[in-house]
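Student: This is a predicted model, with the sequence first.
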Amino acid sequence: MDDRFKDRADRIADQERNIQAEIDAKGSKGDGGKEEGAVQAGARKYPEPPFPEQHQRKPGDEDALDPAPMYDAPFWKGSGKLDGMAAIITGGDSGIGRAVAVLFAREGCDVAICHLDEEDDAETTKAAVEAEGRTAIVLKGDVADPAFSEAAVKATLKAFGRLDVVVPNAAFQEHVEALEDLTLEHFDRTLKTNLYGYFNLVKAAVPYLKPGGSIVMTGSVTGILGNENLLDYSLTKGGIHAFARSLGTHLAPKGIRVNVVAPGPVWTPLNPADQTPEKVAKFGSKTVMKRPAQPEEIAPAFVFLASPQCSSYITGEVLPIIGGYGGG
């Protein structure tokens, strides 16, 4: 072989070693020399780990969370994106559901708030909607029961005279360290809440939605990337994504759009009512942002996907909001 090739190969190898030596001489800075601490890129500063160690009984109490979730988005200026509409939100008492209810109201929408048994949280959300100048009703029940979904839709129609936006959001989540610890009862509860609950609400609501109406489901990054300790939950969230894509195609001729918001870690009662206090303290720290999202950082995506002013040509999409790609 021509000696020119060998000489070049030797020179390039020397060049690579020189580059390596320069980097080695600078030493390791752990994260590549980037600033420590969580990324703050929002309209106001958000809490970052470590959080106080804490644990809650299911389904969780937002009022007991420390620090309190940030849901009211005081910087958000309403502009009538949902003016005159009515929405129903399951799991609307706390977390993402509460933040969505508040921004929907600020955009001119009345809201039906469905919840399991967190009466105080539900009343707080109701008051927050009313503070925006809109009407709210509170409906208690199990989304896995199709009769409840039917009754909730009828109550919404009775209260507001219409139904425009449907937000299936209620969820059950419980980590397990080993597959053999995932009991049939646990598996069944997850599927009943997260899949049956979504199906029940959609089936009850669709006959009353008119062209321009929309369904915005809450998915999860676990439905995209999976999670080693959330086998059943990840399964349901992947199912929700597929359901929305299929339903979006199915309902397109009726002028009804269907989309999903798929968050990463969000500071809501769902996780402190699931994981150990030690894990809660570090919740969200492995994302690129090095912190969990606050509910008010997720809610604008629901407004965008619900509003015919913003997303009239968007259906069947899954919008991840996970704090960046490439985190540990």
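Tutor: That came in fine, so what should we check first?

Student: Quick check, residue 84 in contact with residue 134.
Tutor: No. At 10.3 Å, residue 84 and residue 134 do not qualify as touching, with contact defined as Cβ atoms under 8 Å. No exception for glycine: its C-beta is placed from N, CA and C like everyone else's.

Student: Spit out the residues that contact those two alike.
Tutor: Common neighbours of residue 84 and residue 134, using Cβ atoms under 8 Å, 6 or more residues apart in numbering, are 108, 109.

Student: And the two? Which one has more around it.
Tutor: residue 134 (22 against 11; other Cβ atoms under 10 Å).

Student: Doesn't the more buried one lie inside a helix?
Tutor: No. Counting by DSSP: H, G, I helix; E, B strand; the rest coil, residue 134 is not part of a helix but coil.

Student: give me every residue that touches it.
Tutor: For residue 134, the contact set (Cβ under 8 Å, 6+ apart) comprises 105, 108, 109, 110, 111.

Student: Compile the residues you listed into CSV and extend it with columns for neighbour count, secondary structure and distance to residue 218.
Tutor: Formatted as CSV, the contacts of residue 134 follow (neighbours: other Cβ atoms under 10 Å; DSSP: H, G, I helix; E, B strand; the rest coil; distance: Cβ to Cβ, whole Å):
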residue, neighbour count, secondary structure, distance to residue 218
105, 24, helix, 18
108, 17, coil, 22
109, 29, coil, 17
110, 24, strand, 20
111, 33, strand, 15
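
Student: Quick check: the two most widely separated of those residues?
Tutor: Farthest apart among the contacts of residue 134 by Cβ to Cβ are 108 and 111. That separation is 11.0 Å.

Student: lowest-confidence helix or strand of this structure?
Tutor: helix 3-26 (a mean of 80; mean pLDDT, DSSP states H and E).

Student: next one: the next helix or strand after that helix to chain centre, how far?
Tutor: Following helix 3-26 in sequence order, the next helix or strand is strand 86-90 (DSSP states H and E). On the basis of Cα atoms, centre = their mean, to the nearest Å, strand 86-90 sits 16 Å off its chain's mean C-alpha point.

Student: So in that sheet, which strands flank strand 86-90, and in what orientation?
Tutor: strand 110-115 (parallel), strand 165-167 (parallel) (DSSP bridges).

Student: Thank you, goodbye.
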